[in-house]
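Trainee: No letters, just coordinates:
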């Protein structure tokens, strides 16, 4: 059974300058204990998707579609009902630990606050739980009495992950957990993510880091300009990407050639008809500019949004 | 073209400066004209300090930086003015390097005017050429940095550095704030410029894959000292063993 089913999710932000179409028609599924990587570049809508699942988007956001979590449509819940899901069912580890942590509270205080959030745990037991969580993410005991600025970037990221784990959520969402870390720290954090997710909970990894996505996730969704353009098993997607954008993105990685994709991602306020990648695509045909490509299952469980892939 | 000899930079840190931090502790290397030299290391290894010393933004505690045989920290007057033109630095965050209250055209004209390289009506012409060199159209002339993407801004920063006709660019994590596909575009541009103008690059980065792809010669910095140096291919095959490449 699926833990999370997202159907035709669209998010737009009406702004004075024009409406920003941040997500358009996103459909994804996540099984119990399945791990999904969302990859895409700045402005592709990755973080908006996380915000939509947890209903943490700004008030002016217009959200359409359905997000089913274990049989409940999260988008239909009242704010009070939604609050019961945050942290204990679905936890979000925000981007950029330096700004996500409270700078005037110690690490231990912040973890304790999260642990006591549901009121299920007696206060006298909280201390032990805090120590356990810090140990779980590989932080030394002194982190409990340190302020965030006294911790290194890697330690801050660990602390933030311990907050995410505080209420043992069934689904953990991590937004760019390896961003800004150098290579040895990066592999430590990836290893930690593996330890706290594999076989224990469902996980959505939002990242630019292809190596981390490949290592941590069973399934991958590639976002471009607010749409999922390719979605399937990680091993298939990494060994044979089908969408021209995915191919271009892979080829632009230093390890795979450092070959750029020409042009720029479209501005999300003025989207024209047709495929959103078409102006940058080397294989575009006349139909690509005329019609929106449908999101088609080309083999079992493998979806691509491209005219070229199935005609 | 550039020689760095036994460079040291110590900082005082802690309460009343009681702690001595040896950020750079005896570093030597040389860069040939038209080549790319990669400097890699973990956060805090001293990479950026080396970059700032080479660009003349910091004075060393000890050691020398020789540009075409001349010590950049002993030069004064006209010579110092000339050396500042020939060595330029590009930082990680292009938004922080561009004045948000100036238009792109003004940003690119400023160094030309300060160094009196171009005058009067030719300034605008030259700025147009610089924009074209980094693949930006003339419509960018009157834009502000905040109206542009990170990749476009980094192109402006590159254009500004090129405006003074440098021989060496210090690239301090030039693309780590950018998306990978934009990173690839920026490096394609840097490569074209290097071939055309015979520029040398000192590329500072913690991205080993990037440096191995771009640099000819590589040095590895660890706690202020060079622990390894040589052609990229041989350094990286060895590094993979040391760091257990993921």
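Mentor: Perfect, I can see it now. Everything quoted here is computed from the prediction, not taken from an experiment. Numbers count the residues shown, from 1 in each chain, chains lettered A, B, ... in the order given.

Trainee: Give me the pLDDT for residue 112.
Mentor: Assuming you mean chain A. As predicted, residue A:112 sits at a pLDDT of 93.

Trainee: switch to chain B, that's the one I care about
Mentor: The model's pLDDT for residue B:112 equals 94.

Trainee: and what of residue A:311?
Mentor: Confidence score, pLDDT, at residue A:311: 52.

Trainee: which parts of the longest helix anywhere in chain B are buried?
Mentor: Looking across chain B with DSSP state H, the single longest helix is helix B:180-197. Along helix B:180-197, these residues count as buried under the neighbour rule (16 or more other Cβ atoms under 10 Å in any protein chain shown): B:180-190, B:193-194. For every residue, glycine as well, the C-beta is placed using N, CA and C.

Trainee: Also stretch B:62-81?
Mentor: Buried-residue list, stretch B:62-81, by 16+ other Cβ under 10 Å: B:63, B:64, B:65, B:66, B:67, B:72, B:73, B:75.

Trainee: So the last one sits against residue B:86, correct?
Mentor: No - counting by Cβ atoms under 8 Å, residue B:75 does not reach residue B:86; the two are 10.8 Å apart.

Trainee: Whichever strand or helix holds residue B:39: what's the following helix or strand?
Mentor: If you go by DSSP states H and E, residue B:39 is part of strand B:36-40. Once the chain leaves strand B:36-40, the next helix or strand it forms, by DSSP H and E, is helix B:47-54.

Trainee: how distant is that following helix from the center of its chain?
Mentor: On the basis of Cα atoms, centre = their mean, to the nearest Å, the separation between the geometric centre of helix B:47-54 and that of its chain is 9 Å.

Trainee: so what does the helix or strand immediately after that helix in the chain touch, helix or strand wise?
Mentor: Using DSSP H and E, the helix or strand that directly follows helix B:47-54 along the chain is strand B:62-67. Applying 3 or more Cβ pairs under 8 Å, 6 or more residues apart in numbering or on different chains; DSSP states H and E, we find strand B:62-67 packed against strand B:2-13, strand B:19-31.

Trainee: pLDDT on stretch B:205-212, on average?
Mentor: Mean predicted lDDT for stretch B:205-212 stands at 90.

Trainee: no no, stretch A:244-260
Mentor: On average, stretch A:244-260 scores 92.

Trainee: quick one: is it near chain B?
Mentor: Yes - between stretch A:244-260 and chain B, judged by Cβ under 8 Å from any Cβ of the partner chain, the touching residues are A:248, A:249, A:251, A:252, A:253, A:254, A:255, A:257, A:258, A:259, A:260.

Trainee: Just the ones in strands from these, please.
Mentor: Using DSSP state E, no member of the residues of stretch A:244-260 next to chain B sits in strands.

Trainee: Most neighbours among the residues you listed, which one?
Mentor: residue A:249 (26 neighbours; other Cβ atoms under 10 Å in any protein chain shown).

Trainee: residues touching that residue, list them.
Mentor: Listed by Cβ atoms under 8 Å, 6 or more residues apart in numbering or on different chains, the contact set of residue A:249 reads A:39, A:41, A:222, A:261, B:180, B:181.

Trainee: Quick check, central residue of chain B?
Mentor: The centre of chain B sits closest to residue B:170, judged by Cα atoms, centre = their mean, with a distance of 1.9 Å.

Trainee: The nearest residue to that one once chain neighbours are set aside: which element?
Mentor: Nearest residue to residue B:170 in three dimensions, chain neighbours excluded: residue B:89, at 4.2 Å (Cβ to Cβ, 6 or more residues apart in numbering or on different chains). Assigned by DSSP H and E, residue B:89 belongs to strand B:87-90.

Trainee: what's the following helix or strand past that strand in contact with?
Mentor: Toward the C-terminal end, the helix or strand that comes next after strand B:87-90 (DSSP H and E) is helix B:94-97. Here helix B:94-97 makes contact (Cβ under 8 Å, 6+ apart) with B:90, B:91, B:145, B:146, B:150, B:153, B:154, B:156, B:157, B:177.

Trainee: Which one among the residues you listed sits at the bottom for pLDDT?
Mentor: Lowest pLDDT of the contacts of helix B:94-97: residue B:177, 80.

Trainee: What ranges in the chain fall below the confidence cut-off?
Mentor: I'll assume chain A. A:310-311 (pLDDT under 70).

Trainee: was after chain B, sorry
Mentor: Looking at chain B by pLDDT under 70, you get B:239-246.

Trainee: for chain B, what are the nearby residues on chain A?
Mentor: Residues of chain A lying near chain B by Cβ under 8 Å from any Cβ: A:41-42, A:153, A:180-187, A:190, A:208, A:211, A:215, A:248-249, A:251-255, A:257-261, A:264.

Trainee: how about the residues of chain B that lie near chain A?
Mentor: Within reach of chain A by Cβ under 8 Å from any Cβ, chain B has these residues: B:42-43, B:149-151, B:176, B:179-185, B:187-188, B:206-210, B:212-214, B:243-244, B:246.
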